[in-house]
Structure formats: C-alpha cells, structure tokens
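[1] show me how the following folds:
(2 chains)
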2 protein chains.
Amino acid sequence: MPLPMNHEPLKNFLLLLFCTFYPAWTIAQTDDSLAVAKFYNEALASHEAYENLQYLCSNIGGRLCGSPQSAEAVGWTKSLMERTGADTVYLQEVMVPHWVRGERETAQIMSEVSGTIPVRVCALGGSVGTGRVGLAGQMIEVSHMDALRALGSEVTGKIIFFNRPADQRFVNTFRSYSSAVDQRVSGAAEAALLGAAGVVVRAVTTAFDTVPHTGITRYEKDGKNIPAVAISTKDADILSDLLKKDPELRFFFRTTCGWKPDELSHNVIGEFRGSQFPDEFITIGGHLDSWDLGEGAHDDGAGCIQSIEVLRLFKALNIVPRHTIRVVMFMDEEISQSGSKAYAERALEKKEKHFLALEADRGGFTPFGFSIDVPDSLFNLISKYRVLFEPYGADRFTRGGSGPDIWRLKEQGALVAGLVVDSQRYFDYHHSAKDTFDKVNRRELQLGSAAMAAFVYLLDKDDGLR
Amino acid sequence: MPLPMNHEPLKNFLLLLFCTFYPAWTIAQTDDSLAVAKFYNEALASHEAYENLQYLCSNIGGRLCGSPQSAEAVGWTKSLMERTGADTVYLQEVMVPHWVRGERETAQIMSEVSGTIPVRVCALGGSVGTGRVGLAGQMIEVSHMDALRALGSEVTGKIIFFNRPADQRFVNTFRSYSSAVDQRVSGAAEAALLGAAGVVVRAVTTAFDTVPHTGITRYEKDGKNIPAVAISTKDADILSDLLKKDPELRFFFRTTCGWKPDELSHNVIGEFRGSQFPDEFITIGGHLDSWDLGEGAHDDGAGCIQSIEVLRLFKALNIVPRHTIRVVMFMDEEISQSGSKAYAERALEKKEKHFLALEADRGGFTPFGFSIDVPDSLFNLISKYRVLFEPYGADRFTRGGSGPDIWRLKEQGALVAGLVVDSQRYFDYHHSAKDTFDKVNRRELQLGSAAMAAFVYLLDKDDGLR
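    As a prediction, this is how the structure comes out:
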C-alpha cells in the first residue's frame, strides 16, 4: 500500500492506527476470545436475568426513593444476590429525599374559541403541588430561557408553557434529550424568578405520542417554588395550536404532589471475594430507584439486573475474579444521587482501593460498547480488547462519561466506564408510564450482561491496568 | 509505533488496514460527509415514512400474495410513489401463487393423564388443510430429520412434533433462525415420505412466548401433502412435558387452508430518471407481500416504505441521481419469489443495464451497515465509504448476501447489497401476529432510510465502480 508522504492525513491515520490497533496481536487472543464467547453463550441461553427483571418490574413496580416499593426492592435484590452466590450481601444506609405524587393529576384547556378540553399531565418530580383547588391562569408559550427572560414582568401570574421539542437530528438520543431537558430541570425555577404562577413543560422525549414524561425539576435555593407539570408531545402541539387561535385561553391543572420528610433507605451491596486482591474493588451497578409512573424497566431495572447477572455469569463459568467484585444497587439516582454519594464517601472514609467501576444506566438495549473515563495511556491499553468484542458488535470503545452513580470513584483512582447501548428507543419510555417490562427484549438485555461480564473479566486480570 | 518484523500478525494487520482504510483520505470527505449528514437530518426530522408505514400496516394490513390486501397495497404504493415525485410509476405483471388460511385453526391435546387442553396453532404457509373434520393422532416428538428417518415405519399414521429450538447462542438471530427453520420448511415433506399423517412444528423464533409463527413449508414434488401447523415456543415446551408424562396422548388439529388458482398480481416500480445514465438502473426495494397473521410491519412493510423514503429524501435534498433510481415493491417474496424472478427476467429480456441493487428486508431496526455481494476489488472500493457511516453507527460493511429479491441481478452485472440492521427483535415478530406497526420505532426506521439513501448517493456518483 503506497503511503503518501508529507501528508497531514497520514499523521492522523497513524494516530488512529495507534489508538485502534495498538497491541491487538499481543494479547492472548485465543484464550480471551474463548472466555468472552463463554460469557455470551451462557447469557444468551439463559432466561434468569429476564425473569428477575420481570419480577422487579411486574411484582414490585415503580420504585421512587423513599417509597414502600423501593424498600421492597432493597429486600428483594438483597435476597436475589444471596441466592446468586455473593459471598456477602449487606445494606448501606442512606437518607433519601421523599417526594410523593399524590392524587392523579388533572388538567384542562379552557378556551372561548375551542371550548374546554381535558388533557393528560403528570407532575414533574420534586414539584410542589397546586393545592386541592388547582391552578388556573393565562398561558405564555416560550421556546428558550432567553425568550422567557425577555418577557420580563409580562410573566407575572401566568402559566409558562415550555414547548421546545427535543432535536431529533442527533443520532444519539441522549443528545436530543440534552437539547431540551433544561426546560424540565430549570424551567420552573426560571419562571418563578419572574413571578410566574406555574409551568407546563413539553415532555422531553424523542417519541411523538400522548404520554407525559416526568423527571426532576429543581428550584432555586431561595426562589419561589411553583407547580410544574409535563404534557405529552402530541398534546403540546395541540395546545400550541390552540394558543395561536386563542391567545387568551386559560390552562388549569391540579396536583397534590409534594415533599415528605427524608427517609432511611439503602444501597444494596453484594460482594464476590477476589482471589488475589480481595481488598481492591470492582464496582458494577445500576440504580434501584426509578420514577413512579412506569415500572423502571429500562431506567434502571435493566442495569440493576444486568449487574447481578454478571455475578451469576462468573459463578456459572466458575471464574473467580482477582479483585473483589461488588455488585451495587444504588438508591436515589433520580432525585439527589444520595446513594452514590454515600457509597463514594464511605469508600473514602475506609480508604478502600477501587480498581474499576462499571455502570449500566442507558436502558437494556443492544450494547454497542463502552464509554470509558480514564487517562489517555490507560484508554489505549483498554482499547486493545475492542477486537474481542467485535464479533458481538460491542466494540465501540469511546472516551466519555461513565455513569451517574460511579463517576465519583474516578477521583479515588478507579477506572470508570459505562455500558453504551442503542439509544433509539430509550427516551420513548424514559420517566413515563411506558417504561415497563414488556419493552425489554431478553436477548438485548443479555447481550448487555455478557458485554459487562466480559469487560470486567478482561480488565480484572490485566496487570498493565493496575 | 514499533512494528514487529517477520511476524504473521503484521501481514494480517496490513491486510486489515488495506481493507478498512484503503483510500480514506482520497475521498472528498467534507462534501460527502455533508451530503450524508443532510440525508440523516432530513430523515430523522421527518414523520412521513413512519406515517406511510402506519397506513400500510393499519389500514391495509397483512398482504399475502394473491389476497385483496396485496392488490390494495399495489394500488396504494403506486399512488404513494407518484405523490412522492417519481417520474414514472408502473406495474409489472406477475402471476403469483394464492394460498389461503381459511377458518381460524383449532387444536387440542387429548391425554388420559392430563385431560383435554386447547392449544393455539397456525397453519404453515403452503400447507394443505386437514379437512373440516380435522386430524387426530398419536404424536412422536423429534429434534432432527435424522432422528425422524431413524424411526422408519413407526412414523406411519402419526403426527410428528418437530421441537428443536432455535439456537439462542448466536448473536445474529438470522443464524438462530437458520438453526431451526429446516423443520418448518421440509419437516412435513420428510414426515410424509415416511407415512406420517401430519406435523406440528415448534415456532421458529428467538422469542419464548405463546404466539405461533407461520412461514412456508414445501412438499416434495411427487410426495404426499400432509397438513402442517406451528405452535408457540411455550406451548411446545408444555406439549413436550405432557408427552413425557403420557406418550399415548393424542393431538388434534383442524385447518381449512389450501391452494387456490394462481392470481395476476404486480411488482410496483417507480422511476426517478438519472441525469447522466438514464438507461442504467439502481434498484432499491423490499417486498410488498407479507404473511397474513400480522400486518407485515417489519417483514417487509418497513423495507418497502424505506425504499420509497429514499426517493423522498433525494427529492427533499434536491439531488438528481446520475443513474435512474428504480424503487421496486416486489410481490410474492414469501411463497415463490415470482415477483423478483419476473423483474430479473424482464431486465434480461430488455437487456437493461443494472448498476446497483439494494434491498431492505431484515426489519426496520437500527441499521449497522451493509452486506455487500460484489467482487473483491469492488468491495475494497466501496469500503472506503465506511468512514462516512461511522458517525451514524452504520459502518459495518461486510461481504455477504444481498437480499431475496435482488440477488438475481448480480448475474446481470449489478453490485448488490442489503441493509443490515440490529437483528435481536426481528424473529420475535417475524411471520406472526406480533408483526404490527407498533413494533416499529420511527427513528430506527428512518436511520435505515437515511443509510440507504446515503449509500445509493455515494455509489451513484462513483466512476470507479462503473
């Protein structure tokens, strides 16, 4: 092959080469690829994880932190990890915020032009309620925070309708989500600063349907707390059209959600003792809490069950890790990440050595690879394993964030990574009544379990990474 | 980077290099990647194809060749292609076989031990019926054709229960499907040779549920035709257990399916005239017929609608191809491929020059790349475009089969390729009542449309491939 000389692309090319293929032939490919194949074979043929997820979703259901269901999930996953063969399973205490939805929300559009039209809304997580009589008011539609601020005092007493759709043009739907989620997270706080009475937010989703999606909204520390609800994307379009026909229309909604005192809850931790470095830890986890509207199937029942399945796969294949594997069900990712903070703080207090942490929190879909947050030199070392994931389509190793529950361990020296999966359907279900067990495909879930197990297996035995 | 000398992997490495990166810097990456991005942006933001698929599935429904629904689909897609801006749309006559399911099938397990248990079955496509009184008989379970043949005369008068599951360990579910589909295709013919009275086949699917899956069964030309039905994977397990408890149990089923005289039907062809080579063709297509139990959403409504969407994308981006693009809705893929045979034969008769053919017939799921069936030298040339599909995750260009409706064009000199998509869910729905519109995700469908359009765009303008 003729290599062009003095050519800029050549440098890029060699750099790419170095990162992509670096020591592909130096690893014991036969043994390693056989081990990886065994993880996949075992995972793809098994129904256990899928049935475990069904139990978590269908029998326990949505698991908002502080709820009785979240407590039930703590007990059940503890017992599941014991049955799966963890050497030790214990609970780590953590105080969690406790928000409750209250009665089913009601809402309607009231227009002299179009009449009264009932519309489905859900309270945003963390929102205060309207009180029993509800809230009615004139409505102003805005697309951006800047547009809101430009309205100034016009906002006073109004209900603000944030209606910017998620940008569908991103291939990665996490980017689409990011393009619109500011409205949900800080719309109420921003509108409150200007004296608005309440906010209605277009569901932050890539779906176009009639289902509202919840998710956290955060008030300013010293700001006023005003009620906030989401409406579906289809209803948002209808509402926007009606507003154009009748700018005087009034919107009514009633929510009885609100905060209760913090509750004692738990992270659930199952340990599989390492043969060589029992006091150095590999944390594998997902978050056990979920929003209350669905069953927390993809977010993040899947990641929890996959993490426990990693333990089962090691046991089934009779592989003992060198480092101690800790499977962790983190509590309260959705509201304040109190579980993951507690986990990281106690690790620091106890001066634990954390070698690796891997999180699955992007849904139980077909895995594409791993997002890895480590120094350059280590990324290149880890990238040599890409070739082993090629037959399974999980060979995209990218530099990027790990996961909401484990990134703090990076400061403590751990290699941190997240399972990356096909994102197309995630935000169809995310934080809504549609996030139910029937949306999970057994094989997709298990491809994720196998990828995680193989990744942990390979890194665990690599002295170059220690 | 130190390259080891006299080292076998080095050769493989350089070969891989050559195939993967060959002239990655020689293509006009800026212009091309911009064009590809435009296809993706337009596709991801549009709802048209998705709504078209909804019409085809929900308003027309399952479209077995020879059925009134297939005729309706011919008329509707013709009109859709006209509306989409094809220069010419015409029908190509083709005589198709006409099999009908008849009345809803009934079946039951009759056991002295377990009592009488009704069970859901569906006739296999192409099967003769049992007649109105149904068929009852003792049952023998087998896993392989060899085991069947070994039974010899024991088979006479019995109902044969083919119960080998699809091998779940393959990552590509088309391989899982292939590991079991012989039972459905030739089980009845093989059992008939030995004098069996009928066959029951475990649904060929990667799902574990209560839904039977149909699909063609083929008799020997001079052999006896015996009735054949499928049962779901869960029911197959139950039946197998009951048979172990009571080997004398009798199975009853009643089907009124059968053959009718061949019908006149049509391929639908829409042409978008090429600017430079109007008499040389790029065929893009899927098959319009489907099995009758579902709505033919993934198999292959998706491929048909994606093909029409390619035309819409070119029009929306104001791009005129150099070669004439022919969007083809092939009739009768499921039974005898009479539509694709007719298309290839007329192309030969008319001495048409076919430059490229691209099929989508693996479901409307997230695309991974293309399976390309061309000579080595051309594969390497085409592979240079992989890099352009990397941002979209559709950069797996593999050597392999193209598609059931276009492979014949290879003999006529065409480059032939198939869109390759995530296969995990395809056989959950395939040939069953579950293959409905609600199983299709708009973004996944549109990522496929965009990948197809970009692939056609790039190859159309490449003189190196002519």
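
[2] phi, psi of A:E103?
    Backbone geometry at A:E103, expressed as degrees, to the nearest 10, gives phi -70, psi 160.

[3] show me the contacts for A:S232.
    Shown in contact with A:S232 (CB atoms under 8 Å, 6 or more residues apart in numbering or on different chains): A:R120, A:A203, A:D209, A:T210, A:V211, A:P212, A:H213. Yep, even glycine has a C-beta here, placed from its N, CA and C like the rest.

[4] list the buried residues in the longest helix seen in chain A.
    Of all the elements of type helix in chain A, the one with the most residues (DSSP state H) is helix A:442-460. If you call a residue buried by 16 or more other CB atoms under 10 Å in any protein chain shown, then helix A:442-460 has these buried ones: A:442-460.

[5] between the contacts of A:S232, which is nearest chain B?
    Using CB to the nearest CB, A:D209 is the member of these that sits closest to chain B, with 10.1 Å.

[6] ok but that closest one is inside a strand, no?
    No: according to DSSP: H, G, I helix; E, B strand; the rest coil, A:D209 belongs to no strand; its state is coil.

[7] from the contacts of A:S232, pick the one nearest B:S340.
    Taking CB to CB as the measure, B:S340 lies nearest A:D209 of those, at 36.4 Å.

[8] ends of stretch A:218-225, what's the gap?
    With CA to CA, to the nearest Å applied, stretch A:218-225 spans 9 Å between its terminal residues.

[9] coming back round to it: could I have the longest helix of chain A exported to CSV, CA atoms only?
    Output in CSV follows, covering the C-alpha atoms of helix A:442-460 (Å, rounded to 0.1, in the frame of the first residue of the first chain):
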residue,chain,number,x,y,z
ARG,A,442,-34.4,-10.8,26.6
ARG,A,443,-31.6,-11.1,24.1
GLU,A,444,-30.8,-7.4,24.1
LEU,A,445,-30.7,-7.4,27.9
GLN,A,446,-28.4,-10.4,27.9
LEU,A,447,-26.0,-9.1,25.3
GLY,A,448,-25.5,-6.3,27.8
SER,A,449,-25.0,-8.6,30.7
ALA,A,450,-22.4,-10.6,28.7
ALA,A,451,-20.6,-7.5,27.5
MET,A,452,-20.3,-6.2,31.1
ALA,A,453,-19.1,-9.6,32.4
ALA,A,454,-16.5,-9.9,29.6
PHE,A,455,-15.3,-6.4,30.1
VAL,A,456,-14.9,-6.9,33.9
TYR,A,457,-13.3,-10.3,33.3
LEU,A,458,-10.6,-8.9,30.9
LEU,A,459,-9.7,-5.8,32.9
ASP,A,460,-9.7,-7.8,36.2
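
[10] that helix near chain B at all?
    Yes: under the criterion of CB under 8 Å from any CB of the partner chain, chain B is reached by helix A:442-460 at A:R442, A:R443, A:E444, A:L447.

[11] show me what contacts the first one?
    For A:R442, the contacting residues are A:H47, A:Y50, B:F208, by CB under 8 Å, 6+ apart.

[12] likewise the third one?
    With contacts defined as CB under 8 Å, 6+ apart, the neighbours of A:E444 are A:G364, A:F365, A:T366, A:V421, A:D422, B:Q424, B:R425.

[13] for the second one, list the residues it contacts.
    A:F365 sits next to A:H298, A:V421, A:D422, A:S423, A:Q424, A:R425, A:Y426, A:N441, A:E444, A:G448 when contact means CB under 8 Å, 6+ apart.

[14] ok, now with 6 Å
    With contact taken as CB atoms under 6 Å, 6 or more residues apart in numbering or on different chains, A:F365 is in contact with A:V421, A:D422, A:E444.

[15] and of those residues, the nearest to B:G115?
    Closest to B:G115 out of those is A:E444 (38.2 Å), distances taken as CB to CB.

[16] going along the chain, name the helices of chain A.
    Counting by DSSP H, chain A has these helices, from start to end: A:8-21, A:29-45, A:48-54, A:68-84, A:145-151, A:173-178, A:182-193, A:233-245, A:302-316, A:338-349, A:376-383, A:386-389, A:426-429, A:442-460.

[17] nearest residue to A:V374 other than its sequence neighbours?
    For A:V374, ignoring the flanking residues on the chain, the nearest one in space by CB to CB, 6 or more residues apart in numbering or on different chains is A:L415 at 4.8 Å.

[18] show me the contacts of A:E444 that map onto strands.
    Secondary structure defined by DSSP state E assigns A:V421 of those to strands.

[19] so which of the contacts of A:E444 is the most crowded?
    Sorting the contacts of A:E444 by how many neighbours each has (other CB atoms under 10 Å in any protein chain shown) puts A:G364 first, at 33 neighbours.

[20] pretty sure that residue sits against A:A302.
    Yes: using CB atoms under 6 Å, A:G364 and A:A302 qualify as a contacting pair, with a distance of 2.9 Å.

[21] which residues do these two both contact?
    In contact with both A:G364 and A:A302: A:L445, using CB under 6 Å, 6+ apart.

[22] coming back round to it: closest to B:E359 among the contacts of A:F365?
    After measuring the contacts of A:F365 against B:E359 - CB to CB - the closest member comes out as A:D422, at 22.5 Å.

[23] which ones are touching the closest one?
    A:F365, A:T366, B:T366.

[24] in TSV, list those along with distance to B:I372 and pLDDT.
    Below are the contacts of A:D422 laid out as TSV (distance: CB to CB, whole Å; pLDDT from 0 to 100):
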residue	distance to B:I372	pLDDT
A:F365	26	98
A:T366	22	98
B:T366	19	98
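
[25] quick one: which of the residues you listed is nearest B:N380?
    Of all the contacts of A:D422, B:N380 sits closest to B:T366, with 26.2 Å by CB to CB.

[26] and the strands in the stretch 201-350 of chain A?
    All strands of the stretch 201-350 of chain A, identified by DSSP state E, counting those that start in this stretch, fall at A:228-231, A:250-254, A:258-272, A:277-287, A:323-330.

[27] relative to chain B, which of those is closest?
    Going by CB to the nearest CB, the one of the strands of the stretch 201-350 of chain A nearest chain B is strand A:228-231, 19.0 Å.

[28] any idea how far chain B is from the nearest residue to A:S176 once chain neighbours are set aside?
    The shortest distance from A:S176 to any residue that is not its chain neighbour, by CB to CB, 6+ apart, is 4.2 Å, and that residue is A:A166. Applying CB to the nearest CB, to the nearest Å, the value for A:A166 to chain B is 11 Å.

[29] contacts only, for A:I226.
    A:I226 makes contacts with A:A188, A:A192, A:G198, as judged by CB under 6 Å, 6+ apart.

[30] let's have the contacts of A:R442 in JSON lines, adding distance to B:K384.
    Rendered in JSON lines, the data for the contacts of A:R442 read as follows (distance: CB to CB, whole Å):
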{"residue": "A:H47", "distance to B:K384": "43"}
{"residue": "A:Y50", "distance to B:K384": "41"}
{"residue": "B:F208", "distance to B:K384": "43"}
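
[31] and the residues you listed, which of them are buried?
    Buried subset of those (neighbour count, 16+ other CB under 10 Å): A:Y50, B:F208.

[32] quick one: which of the contacts of A:R442 is nearest to B:A35?
    In terms of CB to CB, no member of these lies closer to B:A35 than A:Y50, at 42.1 Å.

[33] mind checking pLDDT for the closest one?
    Confidence at A:Y50, expressed as pLDDT, is 98.

[34] cool, and A:Q29?
    The predicted structure scores A:Q29 at 60 on the pLDDT scale.

[35] number of nearby residues for the spatially closest residue to A:G66 that is not a sequence neighbour?
    The shortest distance from A:G66 to any residue that is not its chain neighbour, by CB to CB, 6+ apart, is 3.1 Å, and that residue is A:H98. Residues lying near A:H98 (other CB under 10 Å) number 19.
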